[in-house]
Every structure is written in structure tokens, then in C-alpha cells.
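Chemist: No sequence on hand, only this structure:
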């Protein structure tokens, strides 16, 4: 065994440059595979994290414009939603709809406290808003039924809005001015999925202050029993039919109402994540294959250069299996050594990525979105990839080894 190791070492040292270049392609292949998997995992984990912060069984409805004529009415009509649509949603699908809610908004509201101010949307919501949206109450309380019934001027602020309005004092219990109307801050919430967080007030209060009547900007409801894309699609079709009869538009008109089904969005994200994962593996495997081809080529060159040596070995009684084992051992040694270097370097880079960008977010003042999270690779996957590389390296050396083992001593001794 010691003689074999010394012989392999001697062969490699006699062909340093060629061995290093071939080994680099092997190390680069496993390195790139691990780094690509780590970066891909960072994106996928960010997608999954965003999805976990959403109410996956909720559907939000927005009014649109009709694109088809219906019952003598022309296309291009602007539809609107009102509280009767909220009632229809609950009554028409009692076995599918769990809870319903709605919201109305006042855009560009100026919130002022002392010398501090911020311009954001004011949103009127129901007490069950926390059941419909992925919001977390950090301090204080949320809007309740009494606030709705008495149309109280209470307000719940996003944590980043609080930092702007109350940089040096507590917000709970304070009164802020909203364009001439005083609201008491009763709670602070956070919502990682809000691209533009709103200040939340009772639905009925916003109706009263801004004369909204019974109109609503959108309605939201949570569902049950819709576990896959097919059942969700059937429900959406049924819902459009019910709303079409109620609002007098063609049920097949996709632009009359816009449905944001978060579950189907989640399925689409999952599909995109799978495609990304597959693409990364394909790229990584082809990179590995280029390294394996390099190992096979260098073994073929080695066999050709050592033909005379192999002839002498056979003439002295060496068995074909010993020559076969020698070539395969050299191939395995190169792939193992450089594959290990590539694996260690790849893991080191992914850990470094995790340290500097382990939870990378895009922060734009009042909102932040996680775009990169935990870009690491499971150690078992890295080891399995390296072992696969070693096995492939063994196979890569098999063809040159068989060629060397079949050399006839007389022909080999005649070779230059």
C-alpha cells in the first residue's frame, strides 16, 4: 500500500502543472455547485419566509372594469364593492368561507405629533383584521367591537411609523393629529409583507369622517377545504358566478373583479423555487462533469506516456489487474484531494455569505422585504456531492485503466 501511494505521488509530482490544472477543474466544479446551491437556498428561504408571514388561506377581492358586454350593458363599466358584497360572500359559501372582512382607505393622510409628521395611507378595518392579514400586535391592543360600534377615533400604527413620529417618547396613549382630527394611539403592529404600511383605524370611523357611505375598497376572506390548485380554481369560478349575478357582469370576465388568492400565489412560488433548485443542480452537475472529463483526459495522456513502462511491468510479470488498480488509484487520488479542497472552499464561502448577508433585507423607510436568508448548504449534501464526484472520478479512470491493462508487452516495449 505504501509503495502504491509513493508511486502515485511520484507520478503526480512528475506532472505537476497538468495535475494542478485538472485538479482545479475538479475543485472548481464542486466549489461552484456548493456556492450555487447556497445562493439558491438563500433566495428560496427568503421566499419561504415571506410566505410564512402571509395568511395562506385568504383571498382578497378588488373591483375592476368589465371587458365584456352583459345583459345589454357595454364593456368598460367601473364596478364598485359595498357591504352587500361582504354579506354575499359569507352567505353564498358557508362551507368554504370562514371569516370575512373589508377595508377602506384614505391615501396621503398627514399624521402629525409635535414637530414630527409622516404621510401614509389611513385604512379603516374590522376587528378581525389580524385574522385576515399577517400582522402582529407588538404593543397595546387592536381595534375592537366597541370602537366600531361607537366609531371611536382610535389608531394602530406600524412600528416604523412610530419610530418616525415618536423618536424620543412612548406612543401608546398619545394623541396624534390626522389633518385636523385627533386620534389616540392604542396599539403598535408589525407586518413584514407591507410595501407601504398603513395606519389602522376602525372601519366605521373612517366611513363617518370621510363620508365613504357603504362602499368598500376591497374585501378579504379566509377559506377552508381548498387544499390544491384545482379546488381553488373551482372555487374562484363559483365565486365569480355568484358575484356576476349580484353585480350584473359576465362571470367569465376576468377583469371585472381581481382575485388575489394567496394560496395559488404560494403554489406558484413553490414551483418557481423548484425550477430554480433544478436549474442550479443542472448547472452544477455540468460543471462537475467538465472536471470529470478533465480527469479522464489526463489519465488517457498518462497511459499513452507510460506505455513503455507498462510493457516492462507486464514483461516482468505484473498482472493486468495491478496496472488497472494503479491508474484507477491515481484518478481517485486526484478527484478526492481536489474535490475535498473544493468542498471545504465552497462551505467556507457559503458560511461567509451567511455572515454578511444571512438575512439581507431591502429597507425603504416604512417597509422592508427579506430578499436573501440563510444561504447555506446542508453538510450532508456537500459530502454526498463530493462522494459522487469521487465515484465519477473512479469511473473516469476506468477506461484509461482498461486500455493500459490490455497493452501487449511486445507492443509496449516498441513504443517510444
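Modeler: Done, it's in. Not measured: the values here are computed from a predicted model.
Chemist: Can you get me the centre-to-centre distance for stretch 278-286 and its chain?
Modeler: Using C-alpha atoms, centre = their mean, to the nearest Å, the mean C-alpha position of stretch 278-286 is found 18 Å from that of the whole chain.
Chemist: Please work out the average pLDDT along it.
Modeler: Averaging pLDDT along stretch 278-286 gives 83.
Chemist: And the helix or strand where residue 356 lies, what's buried?
Modeler: Using DSSP states H and E, residue 356 sits in helix 320-357. Residues of helix 320-357 classed as buried: 320, 323-324, 326-336, 338-347, 349-350, 353-354, 357 (neighbour count, 16 or more other C-beta atoms under 10 Å). For the C-beta atoms, the positions are set from N, CA and C on the backbone; glycine is no exception.
Chemist: show me the biggest helix of this protein in terms of residues.
Modeler: helix 262-305 (DSSP state H).
Chemist: chain center to that one: distance?
Modeler: On C-alpha atoms, centre = their mean, the centre of helix 262-305 falls 20 Å from that of its chain.
Chemist: For this structure, which segments count as strands?
Modeler: According to DSSP state E, the chain carries its strands in the segments 58-63, 81-82, 97-113, 116-125, 136-140, 154-158, 175-178, 181-190, 199-202, 215-216, 218-223, 257-261, 359-363, 368-373.
Chemist: Please produce TSV containing these, extended by distance to residue 75 and mean pLDDT.
Modeler: Supplementary listing: the strands of the chain in TSV, determined by distance: least, C-beta to C-beta, whole Å; pLDDT from 0 to 100:
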stretch	distance to residue 75	mean pLDDT
strand 58-63	15	93
strand 81-82	19	93
strand 97-113	26	93
strand 116-125	30	94
strand 136-140	43	93
strand 154-158	39	96
strand 175-178	39	96
strand 181-190	40	95
strand 199-202	36	96
strand 215-216	22	92
strand 218-223	22	93
strand 257-261	14	92
strand 359-363	39	56
strand 368-373	37	62
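Chemist: Make TSV from the ones you listed and add distance to residue 271 and mean neighbour count to it.
Modeler: Written out in TSV, the entries for the strands of the chain read as follows (distance: least, C-beta to C-beta, whole Å; neighbours: other C-beta atoms under 10 Å):
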stretch	distance to residue 271	mean neighbour count
strand 58-63	19	20
strand 81-82	31	18
strand 97-113	26	18
strand 116-125	32	19
strand 136-140	28	14
strand 154-158	32	26
strand 175-178	43	16
strand 181-190	29	19
strand 199-202	34	26
strand 215-216	33	18
strand 218-223	21	22
strand 257-261	15	17
strand 359-363	23	13
strand 368-373	19	17
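Chemist: where does the stretch 1-150 of the chain have low pLDDT?
Modeler: For the stretch 1-150 of the chain, the stretches with pLDDT under 70 are 1-15, 48-54.
Chemist: Quick one: the helices in it, in order.
Modeler: Using DSSP state H, counting those that start in this stretch, the helices of the stretch 1-150 of the chain run over 2-14, 16-52, 83-92, 129-132, 145-150.
Chemist: about what we covered before: does the helix holding residue 356 pack against any helices or strands, and if so which?
Modeler: helix 2-14, helix 16-52, helix 262-305, helix 307-315, helix 379-405 (3 or more C-beta pairs under 8 Å, 6 or more residues apart in numbering; DSSP states H and E).
Chemist: Would you convert the ones you listed into CSV that also reports distance to residue 208 and mean neighbour count?
Modeler: Shown next, in CSV, are the helices and strands packed on helix 320-357 (distance: least, C-beta to C-beta, whole Å; neighbours: other C-beta under 10 Å):
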stretch, distance to residue 208, mean neighbour count
helix 2-14, 85, 12
helix 16-52, 36, 20
helix 262-305, 31, 17
helix 307-315, 96, 18
helix 379-405, 59, 19
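Chemist: out of the ones you listed, nearest to residue 92?
Modeler: Nearest to residue 92, of all the helices and strands packed on helix 320-357, is helix 262-305, at 19.4 Å by C-beta to C-beta.
Chemist: so what does that closest one touch, helix or strand wise?
Modeler: Using 3+ C-beta pairs under 8 Å, 6+ apart as the contact criterion, the elements in contact with helix 262-305 are helix 16-52, strand 58-63, helix 229-247, helix 320-357, helix 379-405.
Chemist: mind redoing it with 10 Å?
Modeler: Packing partners of helix 262-305 (3 or more C-beta pairs under 10 Å, 6 or more residues apart in numbering; DSSP states H and E): helix 2-14, helix 16-52, strand 58-63, strand 218-223, helix 229-247, helix 320-357, helix 379-405.
Chemist: Skipping adjacent residues, who's closest to residue 396 in space?
Modeler: residue 296 (4.0 Å; C-beta to C-beta, 6 or more residues apart in numbering).
Chemist: Is the one you found in contact with residue 403, as I believe?
Modeler: No - contact between residue 296 and residue 403 fails when scored by C-beta atoms under 10 Å: they sit 11.1 Å apart.
Chemist: Next one: residue 143 relative to residue 245, how far apart?
Modeler: Per C-beta to C-beta, to the nearest Å, residue 143 is found 33 Å from residue 245.
Chemist: Settle it for me: which of the two has more neighbours?
Modeler: residue 143 (26 against 12; other C-beta atoms under 10 Å).
Chemist: Test my guess that the more buried one contacts residue 127.
Modeler: Yes - contact criterion C-beta under 10 Å: residue 143 and residue 127 qualify, at 5.3 Å.
Chemist: overlap in contacts of the two?
Modeler: Common contacts of residue 143 and residue 127 (C-beta atoms under 10 Å, 6 or more residues apart in numbering): 202-203.
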